[in-house]
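Chemist: show me the folded form of this:
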Amino acid sequence: MNNIPVRCSDITQLNKLVQVMLQLALTDIRKQGVNPFVVETFRPQERQNYLYCQGRTITEASAVGINNTFAKAYCNPKAGKVTWTLHSVHTSRKAIDLIPQRLINGKMTAIWNAQDPHTRIIINTMQKYGFEAGANWISSQDSPHFQVKGNYDEVFDCEHTNTYVTQAIQKALNKVLNKAHSKTNNNTFNKPISKIITVDGIWGPLTTKAITDFYQPLGLKLSHGQIDAEMLNALFLNL
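Modeler: Modelled structure (predicted):
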């Protein structure tokens, strides 16, 4: 058997949009006095299969489609279960495991506690930037896990996003555009949006219009109602 890929914590291995969201969140988290530790980013499917084998029998692993030879080599039913799925968003470069770390008795220590105040800051901040938090799942809660599910590559738009991202964008647009319009000496945004966007996670015509109102004065060249990495960064930096 080939060696199993080691755990990857390289942010640059993530999807470009997710990279922007994460970098913004990490900066915000640090400003709040929390030291974030990136546990894992991209996870090859072979590593996902290996993790699934931990805490399971050969029969259990084979039943979900893991090669029998692989299962015999790596199943360890005496270990604790590490993952509940073979289809992790980590494998699509759209998920990250993130926890706080701080000095305890003079040693930098990772905090694996969902109720820790610094963990809660991380969860709330990651949600602000459009991440779905595993801590909020009804079953199989996973507080270090954050993901941005969806059929998207280089842009978000009405057909390539999810509820969490759309809500974060709607909140940011409401705040940024209306703050800009309230300043009489600000000529960057010279066209008011027609209506405050309802933060409902639905990317409709008003959301599309607000996106255009935001990026047109910036000179960004995008198709109507699309958000790429550059615009995403510009939008959230203006909060």
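
Chemist: what packs against the top strand by length along the chain?
Modeler: Of all the segments assigned as strand in the chain under DSSP state E, the longest by residue count is strand 95-104. Applying 3 or more CB pairs under 8 Å, 6 or more residues apart in numbering; DSSP states H and E, one finds that strand 95-104 contacts strand 36-40, strand 107-110, helix 117-128, strand 145-147. For every residue, glycine as well, the C-beta is placed using N, CA and C.

Chemist: got the buried residues for the shortest one?
Modeler: If I follow you right, that is strand 145-147. In terms of neighbour count (16 or more other CB atoms under 10 Å), strand 145-147 has its buried residues at H145, F146, Q147.

Chemist: so what secondary structure elements neighbour the next helix or strand after that strand?
Modeler: For strand 145-147, the following helix or strand on the C-terminal side (DSSP states H and E) is strand 155-156. If you count contacts as 3+ CB pairs under 8 Å, 6+ apart, strand 155-156 packs onto strand 227-228.

Chemist: neighbouring contacts of the helix or strand just after the strand it packs on?
Modeler: Using DSSP H and E, the next helix or strand after strand 227-228 towards the C-terminus is helix 229-237. Residues from elsewhere that reach helix 229-237, judged by CB atoms under 8 Å, 6 or more residues apart in numbering: 16-17, 19-21, 24, 129, 154, 156, 169, 172-173, 176, 211, 214-215, 218, 220, 222, 227.

Chemist: what do you get for stretch 17-35?
Modeler: For stretch 17-35, contacts defined as CB under 8 Å, 6+ apart pick out 11-12, 14, 36, 93-94, 96, 100-102, 118, 121-122, 125-126, 128-131, 148, 152, 154-156, 228-229, 232-233, 236-237.

Chemist: before we move on, the earlier item: return the most buried member of the helices and strands packed on strand 95-104.
Modeler: Sort these by mean neighbour count, taking mean count of other CB atoms under 10 Å, and strand 145-147 sits at the top with a mean of 25.

Chemist: packing partners of that one?
Modeler: Using 3+ CB pairs under 8 Å, 6+ apart as the contact criterion, the secondary-structure elements in contact with strand 145-147 are strand 95-104, strand 132-133.

Chemist: which one of those strands lies nearest to A71?
Modeler: When these are compared by CB to CB, strand 95-104 sits nearest A71, at 24.2 Å.

Chemist: show me the contacts for V82.
Modeler: When contacts are counted by CB under 8 Å, 6+ apart, V82 touches L51, Y52, Q54, G55.

Chemist: ok, back up a step: with distance to I202 and mean pLDDT as extra columns, can I get the helices and strands packed on strand 95-104 in TSV?
Modeler: Output for these, formatted as TSV (distance: least, CB to CB, whole Å; pLDDT from 0 to 100):
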stretch	distance to I202	mean pLDDT
strand 36-40	31	98
strand 107-110	38	96
helix 117-128	18	98
strand 145-147	20	98
